[in-house]
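Visitor: Next input, structure requested:
(one chain, ligands or ions: 1)
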Amino acid sequence: MEIKLDGRTAVITGGSKGLGLAMAIRFAASGADVAILARGQEGLDAALPAITATAKGRVIAVACDVSRADDIKRAYDTVMQRLGKIDIVVNNAGQSRTGAFETVTDEVWQEDLDLKLFAAIRLTRLAWPQMRQRKWGRVINVLNIGAKTPRAGSAPTTISRAAGMALTKVLAGEGAPDNVLVNAMLVGVIVSDQIVRRHAARGGNVTLEEQIAEAGKPVPMGRMGTAEEFANLACFLASDQGGYITGTAINVDGGMSPVV
Ligand code: NDP
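Guide: Below you'll find the model as predicted:
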C-alpha cells in the first residue's frame, strides 16, 4: 500500500529531532508540505536538509517553545502565512519528567502540563476550525505507554499523558462528523536524540550501542524501536488510508505495555 499525503500540510512539534524529525522526513517524502517547530535554531537548521533531501513539497522550520501560548500563536501565524493552511497537526514535543509525588512542586506540575497538555490544546484549537470547515483533518498526539498504566513515581509525566489521552477521545468525538480524525500514539522505548543525550549524561564506559541494547531488554521484542518504525504508523494515520480510525490510543512499544 502506497501512503500518500499529496496536497496536505502538516505541522509537527518537536520536529527537529528524534521521532518528530523521522515523521517530518516521512510526511515530506510522502508528498506533504511540512512545518517543523522546535526551540533551538541550530537543531532546526540541521533538520531542514535531512527533510528536504527526499521532500516532494515545501518544508519550513519555525522556532517555537510550545509550552508558551504566545509562541504557539506566533508559530501558527507564520505557518499560515508561508504554507497557507494546516491539515495535519502532530503534537509531539515533550520530555519525560518524573519524581516521587511529594517532591513534585506546583511549578513542575505546571511546566509539564504546559509542555504536553496545553501545547496540544492550544495548537489544535488554532488549526481545528479550518480542518472542520474543509471536512478533512488529522490530529496525532504523541504520548507514552504510562498514560494507560501510570506507575508509582511517574508523576507528573504519566498524568499529563493520561490527560492527553482523554483530550484525544474528546476531540475525536467532536471532529468525527467533519472527518477530522484524532488519535494518540503511545511510545514505549524508541531510539531518538533523547537516548543519545542520556548516554552522554551517563558517562562511563558503556557505549551507546550497549545502552540501546540494555534499554531494549525489558521489551518483549527484545529491542528498542526505531524512529522510522514510529513514523510509518504516524504517516498511515495522517493519510486517507487511515480514514476510518479515530479516538484510538495505539501502543508503539514492541509489546512492552501490559495493557492493550
Ligand atoms: P527528542 O528529545 O529526541 O526530541 C524532542 C524534540 O522536541 C526536539 O526537536 C526538541 O527540540 C523539541 N522540543 C522539546 N521541548 C520543546 C518545547 N518546549 N517546544 C518546542 N519543541 C520542543 O525526543 P523524542 O523524539 O524521543 O520524543 C518525542 C516525543 O515522544 C516526546 O513527547 C517524548 O516525551 C515522547 N516519548 C519518547 C520516548 C522514547 O523512547 N523516545 C519514550 C516516551 C515518550 P528543542 O530542544 O530544540 O526544542
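Visitor: Disregarding residues adjacent in the polypeptide, which is nearest to the residue of the stretch 51-200 of the chain found nearest the ligand?
Guide: Nearest residue of the stretch 51-200 of the chain to the ligand (CB to the nearest ligand atom) works out as residue 94 at 2.4 Å. Yep, even glycine has a C-beta here, placed from its N, CA and C like the rest. Setting aside the residues directly before and after it, residue 94 is nearest to residue 116 in space (CB to CB, 6 or more residues apart in numbering), at 5.0 Å.
Visitor: Residue 78 too?
Guide: Here the residue nearest residue 78, using CB to CB, 6+ apart, is residue 62, at 5.1 Å.
Visitor: Return the residues of this protein in contact with the ligand.
Guide: Within the chain, the residues that sit near the ligand (CB under 6 Å from any ligand atom) are 13-14, 16-20, 37-40, 43, 64-67, 92-96, 115, 142, 144, 187, 189-190, 192-194.
Visitor: Just the ones of the residues you listed in helices?
Guide: 18-20, 43, 193-194 (DSSP state H).
Visitor: Please pick the buried ones from those.
Guide: When these are checked for burial by 16 or more other CB atoms under 10 Å, the buried set is 18-20, 43, 193.
Visitor: And the helices in the stretch 151-260 of the chain?
Guide: In the stretch 151-260 of the chain, the segments counted as helices under DSSP state H, counting those that start in this stretch are 157-175, 193-202, 208-216, 227-238.
Visitor: And the most centrally placed residue in the chain, how far from residue 83?
Guide: Nearest to the geometric centre of the chain sits residue 92, at 2.0 Å (CA atoms, centre = their mean). Residue 92 is 18 Å from residue 83, where distance means CB to CB, to the nearest Å.
Visitor: In the stretch 51-200 of the chain, mark out all the strands, start to finish.
Guide: Secondary structure of the stretch 51-200 of the chain (DSSP state E, counting those that start in this stretch): strands at 59-63, 88-91, 98-99, 137-144, 155-156, 180-187.
Visitor: re the thing from before, give me the buried subset of the residues of the chain next to the ligand.
Guide: Buried members of the residues of the chain next to the ligand, counted by 16+ other CB under 10 Å: 13-14, 16-20, 37-39, 43, 64-67, 92-94, 115, 142, 144, 187, 189-190, 192-193.
Visitor: related to what we said a few turns ago, highest mean neighbour count out of the strands of the stretch 51-200 of the chain?
Guide: Mean neighbour count (mean count of other CB atoms under 10 Å) peaks for strand 88-91 among those, with a mean of 28.
Visitor: so what secondary structure elements neighbour that strand?
Guide: The elements that strand 88-91 packs onto, with contact taken as 3 or more CB pairs under 8 Å, 6 or more residues apart in numbering; DSSP states H and E, are strand 9-13, helix 18-29, helix 119-134, strand 137-144, helix 227-238.
Visitor: Looking at those, which is nearest to residue 166?
Guide: Residue 166 sits nearest to strand 137-144 of all the helices and strands packed on strand 88-91, at 10.4 Å, using CB to CB.
Visitor: Pull the number of nearby residues for the nearest residue to residue 195 once chain neighbours are set aside.
Guide: Take residue 195 and drop its neighbours on the chain: the residue closest to it by CB to CB, 6+ apart is residue 212, 6.6 Å away. Residues near residue 212, counting by other CB atoms under 10 Å, number 16.
Visitor: From here on, call the first residue 21.
Guide: From this message on, residue numbering opens at 21, which makes the last subject residue 232.
Visitor: Residue 232 contacts residue 212, doesn't it?
Guide: No. Look at residue 232 against residue 212 with CB atoms under 8 Å: they stay out of range, at 10.7 Å.
Visitor: Alright, I will stop here.
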